[in-house]
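Undergrad: Need coordinates for the below:
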Amino acid sequence: VTPVQSRTQFSMWAILAAPLLIGVPVPTISDYDLQTYSNQDVIDLNQDPLVQQGEPIFSDCPRYKKKGQVDECAQMWMRNLTGGDKGFMMVNWASKPRLLQCDAPCLAKMGFVCGTNATDLWAPKQIRKPVYVQQITRTVAPNGGSFLFRLHQPTQDCSHL
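TA: Modelled structure (predicted):
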């Protein structure tokens with residue numbers, strides 16, 4: 001498992017409200033893995049009191065695959081959190097980078113009809129803050145690359161919509 005795949009696995013556990021486990025001797029983990037397993041914002045998403053498991057809101061992955069076959073596909077996952085927030089994850093299982101987009105209808109499907117304040121939970125801590133967006137578009141790294149966000153209701157007035 002590569003460091004990127006390890007971070008995706010940790011993100012997926014957070015979206016799925018699964019137990020958080022470390023399967024390596026802690027004194028030997030890399031700085032990157034230590035940053036992954038100690039990211040308090042991701043741990044908070046995982047431990048959200050609503051305890052509702054996430055679900056895919058987009059997938060072009062086959063339902064079943066043949067053994068040894070690489071999925072050339074991507075998914076987007078959403079998890080309801082307390083206070084109306086959402087956990088949102090984009091993951092690329094394909095062997096090449098992929099542009100993924102959650103546009104206005106995608107955000108509306110999650111209850112954000114006027115855009116959202118999105119926080120990239122893997123951004124460096126000093127710049128990790130909510131940013132108002134009307135869509136989320138990212139080029140996602142191949143072979144299990146991902147992005148993980150916490151989405152909040154916007155403070156903007158959207159009564160004109």
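Undergrad: Okay, strands next: where are they in this protein?
TA: For the chain, strands defined by DSSP state E occupy the ranges 55-59, 74-80, 86-92, 98-102, 116-120, 131-133, 136-140, 145-152.
Undergrad: got the angle for the longest helix that the chain contains vs strand 136-140?
TA: The residue-count maximum for a helix in the chain (DSSP state H) belongs to helix 3-15. Angle, helix 3-15 to strand 136-140, by axes from the mean of the first three to the mean of the last three C-alpha atoms, to 10 degrees: 140 degrees.
Undergrad: chain center to helix 3-15: distance?
TA: Mean-position distance between helix 3-15 and its chain equals 9 Å (C-alpha atoms, centre = their mean, to the nearest Å).
Undergrad: before we move on, what about stretch 12-31?
TA: Offset of stretch 12-31 from its chain centre (C-alpha atoms, centre = their mean): 16 Å.
Undergrad: So what touches that stretch?
TA: With C-beta atoms under 8 Å, 6 or more residues apart in numbering as the test, stretch 12-31 has contacts from 3, 10, 33, 37, 42-43, 45-46, 48, 51-54, 77-79, 87, 89, 91, 146, 148. For every residue, glycine as well, the C-beta is placed using N, CA and C.
Undergrad: If any of those residues are buried, give me the ChimeraX selection for them.
TA: Buried residues among those (16 or more other C-beta atoms under 10 Å), as a ChimeraX selection:
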select :10,33,37,42,45,46,48,54,77,78,79,87,89,91,146,148
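Undergrad: sorry, back to before: any buried residues in the longest helix of the chain, and which?
TA: By neighbour count on 16+ other C-beta under 10 Å, the buried set for helix 3-15 is 4, 6, 7, 8, 9, 10, 11, 12, 13, 14, 15.
Undergrad: I'd like to check which residues are in contact with the residue nearest to residue 81 when sequence neighbours are not counted.
TA: Closest residue to residue 81 apart from its sequence neighbours, by C-beta to C-beta, 6 or more residues apart in numbering: residue 48 at 4.6 Å. Residues in contact with residue 48 (C-beta under 8 Å, 6+ apart) are 17, 79, 81, 82, 87.
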